[in-house]
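Novice: only geometry, no sequence info:
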């Protein structure tokens, strides 16, 4: 009787969910104003029209494209746009990964519930349903955490390479090269993805007739790189006002390296503190092993 009632409740909940999904599907959706303006912006159009290093769409990206057309923007809660931009991950692929992770979360609890049923352990139907929804919600946000973690590492790598790039630009400017020439020659020296990204932006700005410092500023806004924005501001002084910026560039490079050194020292201190915790626990356990026999003898003598 209890099992039949639980199945009836589950069937009614599924039917209600289906009705809600149908109503939601046919109700006209209200577009997100911020998302619409972002899609109409010149920067977004330039990125879409000229996707560098584009790859053929796989199943994950096709699933994401379908989801972008089907679900409203509010369904994704928050999209880490800058993180995806620096990682060069298409938004459609990111959405597809979120749906695939959520689907895995929907499958795992019923699978374990089935295995427990095979061994004769039957759980109330409410527990697998709650576990399924909770795990799907948690796994839905795992791609967000992965993107933020990978983007943090990429920004740190970008900052390290940017210090070398600033020095190269300063040397080119000191040898009487023009602003654009100094920036392009310095970007062509390195073969890392950072130098290639800068070289692509500068080449694109040449063909679009955009000032190179404006292109770097747009890239800094897109990727969330304040260090690159500072460099663009310094180069703007050189290009528009013909100012001597050699000393400013060298000072900016030195401050950037000092900031990275302080960050590395802070990370090293944090790791050292974490490593001291196991050693402290081992010391406590060792002292407990030494004291325990004496305490047991005292307690045994008292009895």
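Specialist: Thanks, I have the structure now. Source: prediction; values computed, not measured.

Novice: I'd say residue 167 and residue 252 touch.
Specialist: No - between residue 167 and residue 252 there is no contact under Cβ atoms under 8 Å: 9.7 Å. C-beta coordinates here come from the backbone N, C-alpha and C atoms, glycine included.

Novice: more neighbours, these two?
Specialist: residue 252 (21 against 18; other Cβ atoms under 10 Å).

Novice: please, which helix or strand holds the more buried one?
Specialist: Using DSSP states H and E, residue 252 sits within helix 246-302.

Novice: for residue 209, give me phi and psi.
Specialist: Per-residue torsions, residue 209: phi 70, psi 30 (degrees, to the nearest 10).

Novice: can you find the helix or strand of this structure with the lowest average pLDDT?
Specialist: Lowest on mean pLDDT, DSSP states H and E among the helices and strands of the chain sits helix 42-49, with a mean of 47.

Novice: and the next helix or strand past that helix?
Specialist: Helices and strands here follow DSSP H and E; after helix 42-49, the next one along the chain is helix 59-70.

Novice: who touches that next one?
Specialist: Helix 59-70 is contacted from outside by 25, 57, 90-97, 99-100, using Cβ atoms under 8 Å, 6 or more residues apart in numbering.

Novice: ok, 7 Å please
Specialist: Contacts with helix 59-70, where a contact means Cβ atoms under 7 Å, 6 or more residues apart in numbering, come from 90, 92-97, 99-100.

Novice: the residues you listed in helices, which ones?
Specialist: Using DSSP state H, the subset of the contacts of helix 59-70 located in helices is 92-97, 99-100.

Novice: make CSV out of those residues and add pLDDT and neighbour count.
Specialist: Formatted as CSV, the ones in helices among the contacts of helix 59-70 follow (pLDDT from 0 to 100; neighbours: other Cβ atoms under 10 Å):
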residue, pLDDT, neighbour count
92, 90, 19
93, 91, 21
94, 93, 23
95, 93, 23
96, 91, 24
97, 93, 21
99, 91, 17
100, 92, 17
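
Novice: reformat those as CSV; add distance to residue 194.
Specialist: Shown next, in CSV, are the ones in helices among the contacts of helix 59-70 (distance: Cβ to Cβ, whole Å):
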residue, distance to residue 194
92, 25
93, 22
94, 22
95, 27
96, 27
97, 25
99, 32
100, 30
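
Novice: now, the most widely separated pair of these?
Specialist: Pairwise distances across those peak at 12.6 Å for 92 and 100 (criterion: Cβ to Cβ).

Novice: next one: the nearest residue in space to residue 245 that is not next to it in sequence from residue 285, what distance?
Specialist: Of all residues not flanking residue 245 in the chain, residue 238 sits nearest, at 4.5 Å (Cβ to Cβ, 6 or more residues apart in numbering). Relative to residue 285, residue 238 is positioned 63 Å away (Cβ to Cβ, to the nearest Å).

Novice: picking up where we left off before, so for the helix holding residue 252, mean pLDDT?
Specialist: Mean pLDDT, computed over helix 246-302, is 78.

Novice: output the contacting helices and strands for it.
Specialist: Applying 3 or more Cβ pairs under 7 Å, 6 or more residues apart in numbering; DSSP states H and E, we find helix 246-302 packed against helix 142-174, helix 226-241.

Novice: list the buried ones in the longest one?
Specialist: The neighbour-count check on helix 142-174 (16 or more other Cβ atoms under 10 Å) flags 143-144, 146-147, 151, 154-155, 158-159, 161-173 as buried.

Novice: with the last one instead?
Specialist: Of the residues in helix 226-241, those buried under the neighbour-count criterion (16+ other Cβ under 10 Å) are 227-232, 234-236, 238-239.

Novice: and stretch 257-267, by the same measure?
Specialist: Buried, per 16+ other Cβ under 10 Å, within stretch 257-267: 257, 260.

Novice: list the contacts of that stretch.
Specialist: Under Cβ under 7 Å, 6+ apart, the answer for stretch 257-267 is 159-160, 163.

Novice: now residue 190. Its backbone dihedrals?
Specialist: Dihedral angles of residue 190 (phi, psi; degrees, to the nearest 10) stand at phi -80, psi 160.

Novice: which residues touch it?
Specialist: residue 161.

Novice: can you check residue 227 too?
Specialist: Residue 227 touches 159, 162, 256, counting by Cβ under 7 Å, 6+ apart.
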